[in-house]
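> sequence plus the predicted model coming up.
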Amino acid sequence: MNNAKLWLVVSPTVGVPLFLGAVAVGSFAVHVAVLSNTTWVSDFLSGKPLGGGTASASLVAPDQNTAKASFSAANGQEVLITMPDGTTAVAVLKLPDVLASN
């Protein structure tokens with residue numbers, strides 16, 4: 001043990017609980033940060049199915065004068081596409097019948 005002389009200054013009956021308490025407080029702080037900064041962890045812990053939320057993204061071309069489109073997927077299979085002029089379309093995503101193997 002590198003710091004064996006530490007126990008000559010700090011009693012083990014004080015130092016060990018203090019160290020374990022610091023570890024517990026740090027662990028609690030990390031868990032609070034994860035729960036407050038993510039949405040899927042709280043859904044998982046409450047028993048909700050994962051991926052049940054709405055995914056959304058925006059496609060923007062580098063030039064601002066070109067067309068823009070955005071889409072959102074609610075069920076994972078259907079995609080609602082909104083074009084720049086406000087028209088919408090629904091695209092259905094389908095897996096191929098045969099998947100290529102490596």
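In hand now; what should we look at? Residues are numbered from 1 along each chain as shown.
> surely residue 4 is within a helix?
No. Counting by DSSP: H, G, I helix; E, B strand; the rest coil, residue 4 is not found in a helix; it is coil.
> contacting residues for it?
Counting by C-beta atoms under 8 Å, 6 or more residues apart in numbering, residue 4 touches no other residue. All C-beta atoms are positioned from the backbone trio N, CA, C, and that covers glycine.
> number of residues surrounding residue 81?
Per other C-beta atoms under 10 Å, the neighbour tally for residue 81 reads 14.
> okay, residue 96: pLDDT?
In this model, residue 96 is scored at 62, pLDDT.
> average pLDDT across the longest helix along the chain?
In the chain, ranked by residue count with DSSP state H as the criterion, the top helix is helix 12-37. Taken as a whole, helix 12-37 carries a mean pLDDT of 93.
> counting contacts, what elements does it pack onto?
helix 40-45 (3 or more C-beta pairs under 8 Å, 6 or more residues apart in numbering; DSSP states H and E).
> now do the helix it packs on: which elements does it pack against?
helix 12-37.
> quick one, domains of this protein?
Annotated domains of the chain cover 6-45, 55-92 [automatic domain parsing].
> look up phi and psi at residue 89.
phi -150, psi 150 (degrees, to the nearest 10).
> what do you get for the one 3 residues further on?
As for residue 92, its main-chain torsions (degrees, to the nearest 10) stand at phi -110, psi 120.
> gap between it and residue 33?
39 Å (C-beta to C-beta, to the nearest Å).
> could you do residue 26 as well?
In terms of C-beta to C-beta, residue 26 sits 11 Å off from residue 33.
> now do residue 19
Residue 19 is 22 Å from residue 33, by C-beta to C-beta.
> distance check, residue 80 against residue 49.
For residue 80 relative to residue 49 (C-beta to C-beta), the value is 21 Å.
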